[in-house]
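*Asks:* Here is my input; please provide its structure:
(4 chains)
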Protein chains: 4
Amino acid sequence: MTSAALRQPVRIGLIGAGRIGSSHATILARRVPEAELVGVADVVPGAASRLAGQLGARAFGSPAELIGADEVEAVVISASSEAHCELIVAAAAADKAIFCEKPMSQSLADADRALAAAADVPLQVGFNRRFDAGFAAARQVVASGGVGTPQLLRSLTRDPGLANPGAVPPWTIFTQTLVHDFDTLLWLNPAADAVEVYATADALVAPEYRAAGLLDTAVVVVTFDNGARAVAEASFSAAYGYDVRAEVFGSAGMVTVGDQARSTLAHYGAEGRRVDTARGDVELFRDAYAAEFAEFATAVREGREPAVTGRDARRALAIALACVESVTDNRPVAL
Amino acid sequence: MTSAALRQPVRIGLIGAGRIGSSHATILARRVPEAELVGVADVVPGAASRLAGQLGARAFGSPAELIGADEVEAVVISASSEAHCELIVAAAAADKAIFCEKPMSQSLADADRALAAAADVPLQVGFNRRFDAGFAAARQVVASGGVGTPQLLRSLTRDPGLANPGAVPPWTIFTQTLVHDFDTLLWLNPAADAVEVYATADALVAPEYRAAGLLDTAVVVVTFDNGARAVAEASFSAAYGYDVRAEVFGSAGMVTVGDQARSTLAHYGAEGRRVDTARGDVELFRDAYAAEFAEFATAVREGREPAVTGRDARRALAIALACVESVTDNRPVAL
Amino acid sequence: MTSAALRQPVRIGLIGAGRIGSSHATILARRVPEAELVGVADVVPGAASRLAGQLGARAFGSPAELIGADEVEAVVISASSEAHCELIVAAAAADKAIFCEKPMSQSLADADRALAAAADVPLQVGFNRRFDAGFAAARQVVASGGVGTPQLLRSLTRDPGLANPGAVPPWTIFTQTLVHDFDTLLWLNPAADAVEVYATADALVAPEYRAAGLLDTAVVVVTFDNGARAVAEASFSAAYGYDVRAEVFGSAGMVTVGDQARSTLAHYGAEGRRVDTARGDVELFRDAYAAEFAEFATAVREGREPAVTGRDARRALAIALACVESVTDNRPVAL
Amino acid sequence: MTSAALRQPVRIGLIGAGRIGSSHATILARRVPEAELVGVADVVPGAASRLAGQLGARAFGSPAELIGADEVEAVVISASSEAHCELIVAAAAADKAIFCEKPMSQSLADADRALAAAADVPLQVGFNRRFDAGFAAARQVVASGGVGTPQLLRSLTRDPGLANPGAVPPWTIFTQTLVHDFDTLLWLNPAADAVEVYATADALVAPEYRAAGLLDTAVVVVTFDNGARAVAEASFSAAYGYDVRAEVFGSAGMVTVGDQARSTLAHYGAEGRRVDTARGDVELFRDAYAAEFAEFATAVREGREPAVTGRDARRALAIALACVESVTDNRPVAL
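*Replies:* Predicted coordinates for the structure are as follows:
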């Protein structure tokens, strides 16, 4: 307990009351004492008032109204991805601190626009894995030299399934899913920069959507300027649940992180030993979500840059966009 | 999200601002939205005001004052063990809901006195392990027949070390430490009752306190009326941290639960593969503590009996006291 | 490769062609280059010739004939337990080296008789767990001080099931099964001696044989002269296979050893993560059986005492017999 | 025990008494009852006689002499890689059964030459991982549909270190090391064929040998005709030992296989939980080596094709050679 406990919680307005927005709002309202959820807005009529009502917050008629409200100190953006950049620009213009779900933008031009607009306000992007206890410990081991110089890295994401493949934009697997892994890989190889990308992808989970351009399975190789190679992998359908892991192999050792186990329980029977696996990102990363919001609120109160910046988001996006080019041309692409 | 979210949090006054009391107060204030920490009291002058100040709660001049305050709906008792029974009686007389750290009392007579006094108010005892995700899953497997009839059980507790052996009362290892394991064993063998106890104990960690009666290492065998046997084990000093595990072996399988790993990180180097181990009960059971308080507050609001009752505490205490007799007489003792 | 490879294999005659005898014979013939299986004998007509035929060995008409044969240098006794002592005496009289399955005898008097008879020949007893890579590594860590002074130990045995409960003598769980665990516990606490035993047992697997005196579930607490306590556990029926584990907790740390996993494979599906478990002692200890015979043959060739002696067997037996007394009288028994 | 036990062991001559040849000879002599090591040859004078002497076999003056000897039924080739093809041709001409260490040849033309020459004799190639219990179980799960259609695969090899980097030919990491992983990936995706390869490699372990063309770190992506993607990874220096793992993720689940643990022992202390890791291929794959030789000898006796064929070796080699082209041109290469 430090004097931080005496600080007033940061008054937060959340924009976007969909699946992840609802989860974020609930975590903000119930598990992050550094924050207070004061308002909710959504472009869908009714969504905001329903969520706000459940959590004792005010429902705003529109994102713009929420951004303009005096009682809102900081904005959490969990709207649909294509709206992120404009919302950042608007919130920054209103001098609000900003937490934006990944991806921060869809193009590097928009990323630059968002960064320029938010130059004078705190801006954090939702790379929640960095706040998981295991991932954070991995980073610490790497940063303290515990694996020597990283040489081979791996990061993967496997979702339990696509609710509605028809609604998924074509390059989502790179710009929305693997962008997490690209941030992880850059963050776990802190002394290096990515210089080349090779990506390959396919529609194996939902081949009927291939014609519409939906890719659901992808492998990416990233080459770094210090010679390290990283592999990122994603699938939109894992039969066993939600699977996020990483590995850093270096000149002096290795760290591995991520496990699907739901708890410490093992059950033995005629079929052998069985362990339940986690079924969703919220289950697997509940503590990490709370921790990223705590970091955001703390950074706002301390008037400092948050631990995950808009520049970090731009770096990860640059790799995702190079993947699109690599898949389109079937060749490695320099960054 | 249910309408529960709209309920007013239960206004809680905490008595006892020592190590575990401070941890409980912080968890109540920051991680349990169903509860609101409104007051703190302690017999040590200054302790209450320090803790209350950090958490924005009111410091009361004495436990009695806190118990009598109108703004206090429910009392959390984390005072020293010998005070528990009187505080329960006093709080019950003031018609407050009661959460009491284990042990509820030091004797069966006092247990009965506490139970009688609290007959008309909610009374929960702090067997936090039941609220750990792994332990709860183990219980669920057992209750649904996943191990068949339990035949051999195990529960163990190993602390990272004794801060002050001189201050530990002689039979603490049974009444304060193993009482957790006895509750676990009874709870994981729900269809049976304990009928006999054999205990053996020694001063191996701090032999210099043996003369003062301090026992720091113990093994207990509990025999149940359905023939099952359970082993409980405790040590007051584990070099590798805090270690709490359980195992239920039955006619159709086995569950094991509990793991010392601090996160999902594994670190590989010249020395092999290494996993960090948890160093304290609060680290290992943070979520479980929050969950037991959430259960308490919810039970209070719903006007129902909490999931862990005073009768449960009495059952576990009866085993602990039989252990004292067994060690003293070096023979199995019938319950 | 040392000059050991040039030595002539020890010519072994095996007595007792039952389940474990057949396994031993096969391992001796195929996986122990230091040994050569030259003969097989059994009291059941036909059993010896069948097994000998399969393995290219000679079938003897009787154990006595095998013991007396010049081409037999050493005898492996895997006959029924009650015959062990007489066979040791006979083999020693014929000046043969002797490997005897556990238990070496059924009474301490017979143990002494066997020890006296075999004073001048190599005598090894079949405590195979000592030769498992994991158990051997645990012993090494203990012996090198890696856990400090042992304080709490555990060893357990769970069989996949009783083929024929009606044929099992009453105290088998102590004298034949747990005798393994007693040897393990003594060996993993090398600086100490057992001084007291408390045992409790029941017929939970096959209650219909309770009247015949068959006990199939047991828990034992052993107290050592340095204050360490050890728990041994056994069950005659584990739904998930064969389960042998040990744990040594001491002043400076802990070792755990034993795992049921059949291989390094993990299989993930809708039911979670699954690992196959081993189904029998031979599967789990194949390498350990080969290693104990290699040790025996090497000791014979080098003219030295084997690593597991008849005195070790006597110590473990003494605990097993004290368990019988403890169960009979329901009290701790001094050794 | 089947009548197989009565068969005469296959009389084997081994060519190449280097590190792996010596290990193979010892395993053949001591752990493979289906085989008998009758001779050893090596181009280095003295090497053959030393090894043969240790194992009671005959030392031949030259490989040609061994191949020509009547008492040699089958030849195990563990000579240097560039000699493999000629030795296969010579042994086939002498009508001997042939076990050849991987790689079978250095070029596809030589592979075809070897295949043509050995058309009428049993020819097995040393992809030992297939005979590891875990890898074999993984294959069985895949083959029985346990993961559905494979979509993402991984196989990796990390050696504990290069004894003499100066002696390693430039493309070794693909043709000698990753060729194992390519075989594994083809074998674990049995219904598919590789159609494209992207490879990237560097000199990170021994950068001073980069100029000489030695690459010690590589990542390969293989695309299959059914859309599955596989990643193979290798490094010539792992600080923690020898690391071989594989993973098959498919439409219905996943299997993972391979673990570095040396035994079931875990050691807990102030530094946390520690597990020893295996330090060499022979330690990790001792049983697999014995099993591949047992399969070879059994196939010879049964007059059938062995489980790993020369055609399998050609398929894996084709991928390795495509990697060379991919690295040279920095682009994906169609097969």
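
*Asks:* Now A:Ser155. Nearest residue, chain neighbours left out?
*Replies:* Closest residue to A:Ser155 apart from its sequence neighbours, by CB to CB, 6 or more residues apart in numbering or on different chains: A:Asp181 at 3.8 Å. C-betas here are computed from N, CA, C, even on glycine.

*Asks:* burial count for the one you found?
*Replies:* By the measure other CB atoms under 10 Å in any protein chain shown, the count of residues near A:Asp181 is 30.

*Asks:* Can you check my assumption that it lies in a strand?
*Replies:* No: the secondary structure assignment for A:Asp181 gives helix rather than a strand, going by DSSP: H, G, I helix; E, B strand; the rest coil.

*Asks:* quick one: it and A:Ala288, what's the gap?
*Replies:* A:Asp181 is 15 Å from A:Ala288, where distance means CB to CB, to the nearest Å.

*Asks:* before we move on, what about A:Ala239?
*Replies:* Using CB to CB, one gets 24 Å for the distance from A:Ala239 to A:Ala288.

*Asks:* show me the contacts for the most centrally placed residue in chain A.
*Replies:* The central residue of chain A, meaning the one whose C-alpha is nearest the mean C-alpha position (CA atoms, centre = their mean), is A:Phe127 at 3.4 Å. A:Phe127 makes contact with A:102, A:180, A:183-184, A:187, A:292, A:308, A:312-313, A:316, according to CB atoms under 8 Å, 6 or more residues apart in numbering or on different chains.

*Asks:* In terms of pLDDT, where does it sit?
*Replies:* Reading off the confidence values, A:Phe127 has pLDDT 98.

*Asks:* Okay, it and A:Ala307: tell me how far apart.
*Replies:* The spacing between A:Phe127 and A:Ala307, counted by CB to CB, is 9 Å.

*Asks:* same question, A:Arg315
*Replies:* When CB to CB is applied, the distance between A:Arg315 and A:Ala307 equals 15 Å.

*Asks:* so where is the stretch 151-300 of chain A shaky, pLDDT-wise?
*Replies:* Across the stretch 151-300 of chain A, nothing is flagged by pLDDT under 70.

*Asks:* ok, the residue of chain A most remote from its centre - contacts?
*Replies:* Seen from the C-alpha centroid of chain A, the residue lying at the greatest distance (CA atoms, centre = their mean) is A:Ala270, 40.2 Å away. With contact taken as CB under 8 Å, 6+ apart, A:Ala270 is in contact with B:253, C:239-240.

*Asks:* and the closest residue in space to A:Pro306 that isn't next to it in sequence, what element?
*Replies:* Computed as CB to CB, 6+ apart, the closest residue to A:Pro306 that is not its neighbour in sequence is A:Gln124, at 3.6 Å. Taking DSSP states H and E as the definition, A:Gln124 sits inside strand A:123-125.

*Asks:* who does that strand pair up with?
*Replies:* Neighbouring strands of strand A:123-125 in its sheet, by DSSP bridges, are strand A:97-100 (parallel).

*Asks:* What count of nearby residues applies to the residue in the stretch 1-150 of chain A positioned nearest to chain C?
*Replies:* Taking CB to the nearest CB, chain C has its nearest neighbour within the stretch 1-150 of chain A at A:Gly134, 16.9 Å off. Burial of A:Gly134, expressed as a neighbour count using other CB under 10 Å, amounts to 24.

*Asks:* And the pLDDT at it?
*Replies:* 97.

*Asks:* chain center to the helix or strand containing it, what's the gap?
*Replies:* For A:Gly134, the element it lies in under DSSP H and E is helix A:133-143. Helix A:133-143 has its average C-alpha position 17 Å from the chain's average C-alpha position, going by CA atoms, centre = their mean, to the nearest Å.

*Asks:* Likewise for stretch A:288-301?
*Replies:* On the basis of CA atoms, centre = their mean, stretch A:288-301 is displaced by 14 Å from the centre of the chain it belongs to.

*Asks:* So which residues make contact with that stretch?
*Replies:* The set of residues that contact stretch A:288-301 without belonging to it, under CB under 8 Å, 6+ apart, is A:4, A:7, A:9-10, A:12, A:23-24, A:27-28, A:31-32, A:34-35, A:73-74, A:76, A:97, A:99, A:122, A:124, A:126-133, A:135, A:282, A:305-308.

*Asks:* Around chain B, pick out the residues from the stretch 101-250 of chain A.
*Replies:* Those residues of the stretch 101-250 of chain A that sit near chain B, judged by CB under 8 Å from any CB of the partner chain, are A:132-134, A:136-138, A:141, A:146.

*Asks:* so where do the strands sit in the stretch 51-200 of chain A?
*Replies:* Along the stretch 51-200 of chain A, counting by DSSP state E, counting those that start in this stretch, strands occupy A:58-59, A:74-77, A:97-100, A:123-125, A:150-158, A:194-202.

*Asks:* where does A:Gly13 land in three-state SS?
*Replies:* Assigned state for A:Gly13: strand (three-state reduction, three-state DSSP).

*Asks:* burial of it, as a residue count?
*Replies:* A:Gly13 has 28 neighbouring residues, counting by other CB under 10 Å.

*Asks:* Hmm, it is touching A:Ala35, no?
*Replies:* No: A:Gly13 lies out of contact with A:Ala35 (CB atoms under 8 Å); the separation is 10.9 Å.

*Asks:* so what sits against both of those two?
*Replies:* Shared contacts of A:Gly13 and A:Ala35, defined by CB under 8 Å, 6+ apart, are found at A:Ala74.

*Asks:* show me the contacts for the closest residue to A:Ala218 other than its chain neighbours.
*Replies:* Spatially, and ignoring its direct neighbours in sequence, A:Ala218 is nearest to A:Ala201 (3.8 Å; CB to CB, 6+ apart). Under the criterion of CB under 8 Å, 6+ apart, the contact list for A:Ala201 reads A:173-174, A:215, A:217-219, A:323, A:327.

*Asks:* 10 Å instead, please
*Replies:* With contact set as CB atoms under 10 Å, 6 or more residues apart in numbering or on different chains, A:Ala201 has these partners: A:171, A:173-174, A:178, A:215-220, A:234, A:323-324, A:326-327, D:227, D:229.

*Asks:* again, but for A:Ala239
*Replies:* For A:Ala239, the contacting residues are A:158, A:160-161, A:277, C:268-271, D:147-148, D:249-254, taking CB under 10 Å, 6+ apart as the criterion.

*Asks:* How about A:Glu233?
*Replies:* By CB under 10 Å, 6+ apart, the neighbours of A:Glu233 are A:154-158, A:178, A:181, A:217-220, A:243, A:245, D:152, D:154, D:229, D:231, D:247, D:249.

*Asks:* Just the buried ones from these, in ChimeraX syntax?
*Replies:* Here the buried members of the contacts of A:Glu233 are turned into a ChimeraX selection, burial being counted by 16 or more other CB atoms under 10 Å in any protein chain shown:
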select /A:154,155,156,157,158,178,181,217,218,219,220,243,245 /D:152,154,229,231,247,249
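
*Asks:* Which positions in chain A make contact with chain C?
*Replies:* Residues of chain A found near chain C, taking CB under 10 Å from any CB of the partner chain as the criterion, are A:238-241, A:243, A:259-262, A:266-279.

*Asks:* With A:Ala228 as the reference, measure out to the residue of the stretch 51-200 of chain A found nearest chain D.
*Replies:* Each residue of the stretch 51-200 of chain A has a distance to chain D, by CB to the nearest CB, and the smallest belongs to A:Gln151, at 4.8 Å. Summarising the geometry, the distance separating A:Gln151 from A:Ala228, computed by CB to CB, is 5 Å.

*Asks:* any residues in contact with both of these two?
*Replies:* Shared contacts of A:Gln151 and A:Ala228 (CB under 10 Å, 6+ apart): A:189, A:248-250, D:202, D:204, D:217.

*Asks:* Closest one of the residues you listed to C:Ala111?
*Replies:* Using CB to CB, A:Phe249 comes nearest to C:Ala111 of the shared contacts of A:Gln151 and A:Ala228, at 54.8 Å.

*Asks:* Specify the angle between the helix or strand hosting the closest one and helix A:133-143 in degrees.
*Replies:* Under the assignment given by DSSP H and E, the secondary-structure element containing A:Phe249 is strand A:243-250. For strand A:243-250 against helix A:133-143, the angle by axes from the mean of the first three to the mean of the last three CA atoms, to 10 degrees is 10 degrees.
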